[in-house]
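Engineer: Structure of the sequence below:
(2 chains)
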There are 2 protein chains.
Amino acid sequence: MYRTHSNGELRAEHINETVTLSGWVQKTRNKGFMIWADLRDRYGITQLIFDEERTSKEIMEIASKLGREFVIQITGTVIERESKNPNIPTGDIEVLVTKVTILNESLTPPFTIENETDGGEDLRMKYRYLDIRRKPVRDNLIFRHKVTMAVRNFLSEKQFVEIETPYLIKSTPEGARDFVVPSRMNEGQFYALPQSPQTFKQLLMVGGMDKYFQIVKCFRDEDLRADRQPEFTQIDCEMAFIEQEDILNTFEDLTRHLLKEINGVEVAEFPRMTYDDAMQKYGNDKPDIRFGMEFGELNEVAQHKDFNVFNSAELVVGIAVPNGNSYTRKEIDKLTDWVKRPQVGALGMVYVRCNDDGTYKSSVDKFYDQEDLAKWAAATGAEKGDLICVLSGEKNKVRAQLSALRMELAERLELRDPKVFAPLWVIDFPLLEWDEETNRFHAMHHPFTSPKPGQMELLKTNPGDVKANAYDLVLNGNEIGGGSIRIHDKATQAKMFDYLGFTPEEAKAQFGFLMDAFQYGAPPHGGIAFGLDRLVAILGGQETIRDFIAFPKNNSGRDVMIDAPAAIDEDQLKELNLKLDLNL
Amino acid sequence: MYRTHSNGELRAEHINETVTLSGWVQKTRNKGFMIWADLRDRYGITQLIFDEERTSKEIMEIASKLGREFVIQITGTVIERESKNPNIPTGDIEVLVTKVTILNESLTPPFTIENETDGGEDLRMKYRYLDIRRKPVRDNLIFRHKVTMAVRNFLSEKQFVEIETPYLIKSTPEGARDFVVPSRMNEGQFYALPQSPQTFKQLLMVGGMDKYFQIVKCFRDEDLRADRQPEFTQIDCEMAFIEQEDILNTFEDLTRHLLKEINGVEVAEFPRMTYDDAMQKYGNDKPDIRFGMEFGELNEVAQHKDFNVFNSAELVVGIAVPNGNSYTRKEIDKLTDWVKRPQVGALGMVYVRCNDDGTYKSSVDKFYDQEDLAKWAAATGAEKGDLICVLSGEKNKVRAQLSALRMELAERLELRDPKVFAPLWVIDFPLLEWDEETNRFHAMHHPFTSPKPGQMELLKTNPGDVKANAYDLVLNGNEIGGGSIRIHDKATQAKMFDYLGFTPEEAKAQFGFLMDAFQYGAPPHGGIAFGLDRLVAILGGQETIRDFIAFPKNNSGRDVMIDAPAAIDEDQLKELNLKLDLNL
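Structural biologist: So this is what the prediction gives:
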């Protein structure tokens, strides 16, 4: 037996017991006649003491050779510690070693295995197994396990059944790019890895399973933005015989349960906001409502003077920055530069200082008087001491720009407290969104989303206005879940595919099985999927999903630890009936 | 709201309540003035009644049009049933319908949605969503969910952490054939789908995670035998600072917990048997010990006469068939034909009838007298009334043949009771096995398995004799789990790769990351993996894993429902820098 106790377990009550411990040498302190070593495992750290007077010479000799990250097993007696360490649970005791075995030696690790390490991201990823020894990383992985267990137990108690759907499925042109898997047994054909188990969970509803969930890996072959992974994990859910209200209630309960269970936070009923309202008030379909700074639209109170920039704009809109009047001219200029960066794209920024004496001082005083500016203050909710920032231009663009500014300012003002949780349902999403690239409408959620009752006809006349029973769950400015009520009859689904530009043959080839299924008694159904990686990161009070993934890939989709992807044998290619066709 | 109750919920105490139900019409019975319908959902069946005297004309009209598998919603009053049905939980009541809505119609399903269906395997797979509506299939999927929840909760309580390992990893030539995934972002390179998370779980041990598990999909691109799937699910586990004994105890506890929790069966301590003993006594490394019929080796008592078939054989071995003396000559001839089939491959069979009067009558009476045959009976444990079947030949072959015969006879004699659970640890597996095809030794478990202490040297002289701390958990003649204590130092691992025919360069290219990891303080570790599909099937008292998989693939690796795999677009291939190279 390698150990009688873990390294996080021994307390004063164990004094005088003989124990056996195993673990890694975190550090040693050698005073010649006495050597201390911190022994670490997943559960904690225990101080070992080797003492010339009480320890044999052989053992002193081994102890003097112990290096960082050596794996050792010791037997010894628990004794009271002279200088207690109140910072760790085992700080009252130490173990006087009477036997020591080096189980494995270690080279000097490439970075320090401490809470704050000197290792850079690249090095830590290459030696991820050493990074995982660090408490913050380990704690994140254990935290993720706790969250998934809480999700599974909650849903299971509510009669949801976790059902595994296949990973080797069929490629579809709709949506993001698929990863494909050549089939050896079916020459010239390919499987695809699922972007989500969407059609399968709908088929389970047709199959009468009624309440389904699955915590499942999904795959998207997209160019990776900062915090995206080619493989990611979804909490995938679907229910039959339900309306939108049932879904919102069920998964609001789940989220509330997690916040309570995992974070010890009680949250009241989640507010709901339509997509249109979210765009108008926050310029964003996933607004962070931990803080205010709601948009004030100023067209009515700013388009009646000779300021052509505003007069020619589709939208003039501003936000009040709390205590922003304290900004120097230079700081405001810098803020203007910030919104003019290509990533934000504003052409300029108008500002209004709200002085403590109730007067206003703006960058457009030439055009607007105090009475005008007072109206702007009212519209943006600005108070004395605030700064009003105003942008103008094409509606969608200017909203996105002001939203970026709002988030940037919130960051600077430290309004985004990771310990505060502000969930929000955004509902009534549009069914379609315009795609500039292909110059046509695409399904905003996916082509299985049902339009709101009675709006199918609008598709012909005002497609952009059609709303869907589609909803997102937003937490602290992040979309953590999204879903919809689905189409469940063949005729509507066929119409939708037609509208989205599928020929009947394409629709049949890609999704014939689903439309067939709808002919055999498909129940009304809908669902939601949560991004587990992001959910866990947010519950953990952090922003980076990579910190909650044991073996993440880098921005080129590479696993730098195992060095994948890699070339494969000619034989393998031949068996798959493939040839490389490189651009090199 | 679509329903106030499920269709399995209403009892006598609900009488007079107004309820709303939704579900599928299982069947209708129309007497003109009265119509009954069975309404089905996942939870049960409720009888609906439409009665001319108490129901409006419109509703009677709708009711008369209801077809099988129509999806309907009804509101009505719970009333006492005149002729109660004690076979279903809702048999005391029926619901007098006052409102009915057809939510979706249904074509006539291609097979009956009943416990015993008229649909063949192919049809049921094509319309799997309808097959899942049948209670036996639905129950299997729910059963699987219960097993996985029990596994997760058990391991979680024992401080195991479920950690997700990547699906997009690196192809390795060792073991079975990988499915590969071309990388678009890394031109000419491929990921592989994991055959198991073996190296990752070992790295988690190096990372100090100590107790890991994961219920995870694995992939093998092998020609599919009857009950194999290209994607299958594993309960994957690993522990550090443990010896074999710790693993056996932990997972024996898990298995015992499942048998208790899921099947209500209490099982005593699992017997253990060495691999050598299993081969000798049962000719098989996964013996079904629900019944006896142990092998009796007869070389000593059968090779001293003039019967050359036996004299020239490496092994003469027999089993006693309980009450087999009742077989007619014709039946015995048929049994002889059975062992001579190419799938079994014996050249012939010698038999001995054990008569009730204590005498023997054999097919080799010319060579052996009663005294000889009495010794054979003693060696095989045959009693009066039994039949002894004897095979001879090359040791390994004849054992396999007799094992096949033993299993066949057990099947015929109905000795394999699916309600009886007989677990068994088979331990001390050989480290290597001879591969006829490549004419060299291969790792029997995998190249990370550690030889037993002190046996590393034997590799040079008697490689076939080297034993490993490798073990299988066998349940009712099926291997449900297998694992080993791993190598945890670089030198041994390098030696092992060398022995298995890797050049140092190949070893480094494929597994350099693991050997590097071993240099930084790898702890002693080992693990086990259970085949979830098979485990669930056996706990469910069935033999076919396909019945416990929601969307299984057929023997050509095809999903006949969605028709995958399939051809992909030229554009997709081009983006992946691939060309087809077909043999067509």
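Engineer: ok, A:Gly464 - how many residues close by?
Structural biologist: 11 (other Cβ atoms under 10 Å in any protein chain shown). Using the backbone N, CA and C atoms, a C-beta is placed for each residue, glycine as well.
Engineer: Establish whether the helix or strand hosting A:Ile215 and chain B are in contact.
Structural biologist: Assigned by DSSP states H and E, A:Ile215 falls within strand A:211-219. Yes: applying Cβ under 8 Å from any Cβ of the partner chain, one finds strand A:211-219 in contact with chain B at A:217, A:219.
Engineer: Which residues does that strand contact?
Structural biologist: Strand A:211-219 is contacted from outside by A:148, A:151-152, A:155, A:158-165, A:167, A:178-179, A:193-197, A:201, A:204-205, A:230-240, A:527, A:532, B:164, B:167-168, B:217, using Cβ atoms under 8 Å, 6 or more residues apart in numbering or on different chains.
Engineer: List the residues that contact A:Arg184.
Structural biologist: With contact taken as Cβ under 8 Å, 6+ apart, A:Arg184 is in contact with A:575-577, B:177, B:221.
Engineer: Compile these into JSON lines and extend it with columns for neighbour count.
Structural biologist: Formatted as JSON lines, the contacts of A:Arg184 follow (neighbours: other Cβ atoms under 10 Å in any protein chain shown):
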{"residue": "A:Glu575", "neighbour count": "13"}
{"residue": "A:Leu576", "neighbour count": "25"}
{"residue": "A:Asn577", "neighbour count": "19"}
{"residue": "B:Arg177", "neighbour count": "18"}
{"residue": "B:Asp221", "neighbour count": "24"}
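Engineer: Among the residues you listed, which one lies nearest to A:Gln401?
Structural biologist: Taking Cβ to Cβ as the measure, A:Gln401 lies nearest A:Leu576 of these, at 48.4 Å.
Engineer: re the thing from before, quick check: the farthest pair among the contacts of A:Arg184?
Structural biologist: A:Asn577 and B:Arg177 (14.2 Å).
Engineer: For the stretch 251-400 of chain A, which residue gets nearest to chain B?
Structural biologist: Residue nearest to chain B within the stretch 251-400 of chain A: A:Glu261 (13.8 Å; Cβ to the nearest Cβ).
Engineer: Kindly report the same for the stretch 201-350 of chain A.
Structural biologist: Closest point on the stretch 201-350 of chain A to chain B, by Cβ to the nearest Cβ, is A:Gly207, at 3.3 Å.
Engineer: Could you identify the longest helix within chain A?
Structural biologist: In chain A, with assignment by DSSP state H, the single longest helix is helix A:135-157.
Engineer: Now do the strand holding A:Ile215 against strand B:211-219: the angle between them, please.
Structural biologist: For strand A:211-219 against strand B:211-219, the angle by axes from the mean of the first three to the mean of the last three Cα atoms, to 10 degrees is 80 degrees.
Engineer: what residue ranges in the stretch 51-200 of chain A score low on pLDDT?
Structural biologist: Counting by pLDDT under 70, the stretch 51-200 of chain A contains no low-confidence residues.
Engineer: doesn't A:Phe295 make contact with A:Arg399?
Structural biologist: Yes: under the criterion of Cβ atoms under 8 Å, A:Arg399 makes contact with A:Phe295 at 7.4 Å.
Engineer: and these two? which has more neighbours close in?
Structural biologist: Per other Cβ under 10 Å, whichever of A:Arg399 and A:Phe295 has more neighbours is A:Phe295, with 26 against 22.
Engineer: who's in contact with that one?
Structural biologist: Counting by Cβ under 8 Å, 6+ apart, A:Phe295 has contacts A:280-283, A:317-319, A:380, A:399, A:402, A:406.
Engineer: Between those residues, which sits nearest A:Arg341?
Structural biologist: Once Cβ to Cβ is applied, the member of the contacts of A:Phe295 that ends up nearest A:Arg341 is A:Leu402, at 14.2 Å.
Engineer: that older thread, what does the residue of the stretch 201-350 of chain A closest to chain B show for phi and psi?
Structural biologist: A:Gly207 adopts backbone torsions of phi -80, psi 0, taken as degrees, to the nearest 10.
Engineer: Quick check, pLDDT for it.
Structural biologist: pLDDT for A:Gly207: 98.
Engineer: and what of A:Ala226?
Structural biologist: For A:Ala226, the model assigns a pLDDT of 69.
Engineer: Please name the residues that touch the residue of the stretch 201-350 of chain A closest to chain B.
Structural biologist: Counting by Cβ under 8 Å, 6+ apart, A:Gly207 touches B:128-133, B:138.
Engineer: Repeat the analysis, applying 10 Å as the threshold.
Structural biologist: By Cβ atoms under 10 Å, 6 or more residues apart in numbering or on different chains, A:Gly207 lies in contact with A:163, A:200, A:240, A:517, A:520, A:522-523, B:42, B:127-134, B:137-138, B:141, B:550-551.
Engineer: again with A:Asp581
Structural biologist: Listed by Cβ under 10 Å, 6+ apart, the contact set of A:Asp581 reads B:187-188, B:573-574, B:576-581.
Engineer: what residues go with each domain of chain A?
Structural biologist: A:12-104, A:134-290+A:474-483+A:523-584, A:293-415, A:429-468+A:489-522 (automatic domain parsing).
Engineer: need the least confident one among those domains, by mean pLDDT.
Structural biologist: domain A:429-468+A:489-522 (a mean of 91).
Engineer: So for it, first residue to last residue, what's the gap.
Structural biologist: With Cα to Cα, to the nearest Å as the measure, the ends of domain A:429-468+A:489-522 fall 24 Å from one another.
Engineer: swap in stretch A:309-317?
Structural biologist: First-to-last residue span, stretch A:309-317, Cα to Cα: 13 Å.
Engineer: Please identify the buried residues of it?
Structural biologist: A:310, A:313, A:315-317 (16 or more other Cβ atoms under 10 Å in any protein chain shown).
Engineer: what sits up against it?
Structural biologist: Stretch A:309-317 has contacts (Cβ under 10 Å, 6+ apart) with A:280, A:283, A:295-305, A:307, A:347-348, A:350, A:364, A:367-368, A:376, A:379-380, A:389-399, A:401-402.
Engineer: Buried among those? Need that as a selection in ChimeraX.
Structural biologist: To isolate the buried ones among the contacts of stretch A:309-317 in ChimeraX, judged by 16+ other Cβ under 10 Å, type:
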select /A:280,283,295,296,297,298,299,301,302,307,350,364,367,368,376,379,380,389,390,391,392,393,397,398,399,401,402
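Engineer: Okay, and which of the contacts of stretch A:309-317 map to helices?
Structural biologist: A:280, A:299-302, A:376, A:379-380, A:395-399, A:401-402.
Engineer: Of those residues, just say which sits nearest to A:Val466.
Structural biologist: Nearest to A:Val466 among those: A:Asn396, at 17.5 Å, using Cβ to Cβ.
Engineer: if I look at that closest one, how far off is A:Val216?
Structural biologist: Distance, A:Asn396 to A:Val216, by Cβ to Cβ, to the nearest Å: 34 Å.
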